[in-house]
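In: the following comprises the amino acid sequence and a computationally predicted model.
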Amino acid sequence: MDKKTCYLQMSDGHEVFVTTYIPSEKAIGHMHILHGMAEHSARYEHFAEFLCDEGYSVSMHDHRGHGATAEQNGQFGFFAEEDGFERVVRDVFEVIESLRQQLDIKSLTLFGHSMGSFIARRFIQQYSYLLDNVILSGTGAVKPLHLAGNVLAKQLVKVKGATVESPLLDKLSFGNFNNKIENAKTSFDWLSTDEEQVQKYIQDEKCGFIATTQFFADLTDGLLMLNKVSENSRIRPSLPILLVSGSEDPVGDAGKGVVQVGQQLQEAGLEKVKVYLFEGKRHEILNERNKKYSYEMIVRWLKDGK
């Protein structure tokens, strides 16, 4: 396996940190990974190495406001001064187009986790023709609460400024996620039943930060786009989509929201939508106990499960 990192300059000059993993043998397919909110792509290295062993080449990048991208030329928890969510989706397009020029990609899968799944869902509303498969991990349904959050975030941007961290919006977004967990030891127990993985997240200085008011405004802008029937109807009907989540993931409302998203996509005309819930698991199925089972299930679907 050959691992490489670089910074790619986007069309607006912003530099995005990209990592690629190339297997020693000729790749049978390629997966691009979109990480979640308040984390970074290096957390997916173990999964990428597993995919390489299975014959896939892998790439991933740190979104604006996250990881090495934020360290290089930005602020943690901040996308852009305007249209931030759309800009982040455009970054995915530009990174993938650059990779397609560099690598011999025959079959392209987009994997998005949590916030990355929302970015992926917006991406396929615009660019589904580029993809052969999509995997949405830890996704959730868009609710009326997100509209209220959008209004509040935009008010706070006007009152407090766009680049100010917002503990209030952070609490409103994540404060209830531990409610159904008995004897929770940390505020991040909702991520995984594996206490060691939760501690790794807590100890990672690039994880768990509080995002800015503008970030929450941008994120909720994006979420509201995902509910538009007119936008979902733009997705290529034959695109295979796998939705995976833990049955106790609060982001997916313990599976209900994940099923709802699957139904929403089917109602938009998509013909190959599959939902799989891992019993007793939480938000990060790639960082759960027996995580290799999740890895193997995903590869099985890629190879013959559609």
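Out: Arrived safely, thanks for sending.

In: which stretches in the stretch 51-200 of the chain count as helices?
Out: 67-73, 84-102, 115-127, 144-160, 167-174, 195-203 (DSSP state H, counting those that start in this stretch).

In: deepest of these, which one?
Out: Comparing those by mean neighbour count (mean count of other CB atoms under 10 Å), helix 115-127 ranks first with a mean of 24. In short, each C-beta sits where N, CA and C put it, glycine included.

In: helices and strands around that one, which ones?
Out: Secondary-structure packing of helix 115-127 (3 or more CB pairs under 8 Å, 6 or more residues apart in numbering; DSSP states H and E): strand 29-34, helix 84-102, strand 108-113, strand 133-137, helix 213-226.

In: so where's this structure uncertain?
Out: 305-306 (pLDDT under 70).

In: now the residue nearest to the spatial centre of it, nearest residue through space, not along the chain?
Out: Nearest to the geometric centre of the chain sits Gly116, at 1.5 Å (CA atoms, centre = their mean). Nearest residue to Gly116 in three dimensions, chain neighbours excluded: Leu34, at 3.2 Å (CB to CB, 6 or more residues apart in numbering).

In: how about the contacts made by the closest residue in space to Asn176 that isn't next to it in sequence?
Out: With CB to CB, 6+ apart as the criterion, Asn176 has its nearest non-adjacent residue at 7.2 Å, and that residue is Pro250. Neighbour list for Pro250: Asn176, Phe177, Asn178, Asn179, Lys180, Trp190, Arg282, His283 [criterion: CB atoms under 8 Å, 6 or more residues apart in numbering].

In: secondary structure element for Pro250, which one?
Out: Assigned by DSSP states H and E, Pro250 belongs to no helix or strand.

In: surely Leu191 and Lys281 touch.
Out: No - using CB atoms under 8 Å, Leu191 makes no contact with Lys281, being 10.5 Å away.

In: as a markdown table, the helices of the stretch 51-200 of the chain with distance to Lys292 would be great.
Out: What follows is the helices of the stretch 51-200 of the chain, written out as a markdown table (distance: least, CB to CB, whole Å):
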| stretch | distance to Lys292 |
| --- | --- |
| helix 67-73 | 25 |
| helix 84-102 | 27 |
| helix 115-127 | 21 |
| helix 144-160 | 34 |
| helix 167-174 | 28 |
| helix 195-203 | 14 |
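
In: out of those helices, nearest to Val18?
Out: Nearest of these to Val18, taken as CB to CB: helix 84-102 at 6.0 Å.

In: that older thread, out of the helices and strands packed on helix 115-127, flag the one nearest Tyr56.
Out: Tyr56 lies closest, by CB to CB, to one member of the helices and strands packed on helix 115-127: strand 29-34, at 5.1 Å.

In: using CSV, list the CA coordinates for the closest one.
Out: Provided in CSV are the C-alpha atoms of strand 29-34 (Å, rounded to 0.1, in the frame of the first residue of the first chain):
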residue,chain,number,x,y,z
GLY,A,29,-12.6,0.2,-7.3
HIS,A,30,-12.1,3.5,-5.5
MET,A,31,-13.8,5.0,-2.4
HIS,A,32,-13.7,8.7,-1.4
ILE,A,33,-14.5,9.3,2.3
LEU,A,34,-16.2,12.4,3.7
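
In: parallel or antiparallel, list what pairs with that strand.
Out: strand 56-61 (parallel), strand 108-113 (parallel) (DSSP bridges).

In: using JSON lines, lay out these together with distance to Asn73 and mean neighbour count.
Out: Below are the strands paired with strand 29-34 laid out as JSON lines (distance: least, CB to CB, whole Å; neighbours: other CB atoms under 10 Å):
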{"stretch": "strand 56-61", "distance to Asn73": "13", "mean neighbour count": "26"}
{"stretch": "strand 108-113", "distance to Asn73": "23", "mean neighbour count": "26"}
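
In: reformat those strands as TSV; add distance to Ala211.
Out: Putting the strands paired with strand 29-34 into TSV (distance: least, CB to CB, whole Å) gives the following:
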stretch	distance to Ala211
strand 56-61	18
strand 108-113	17
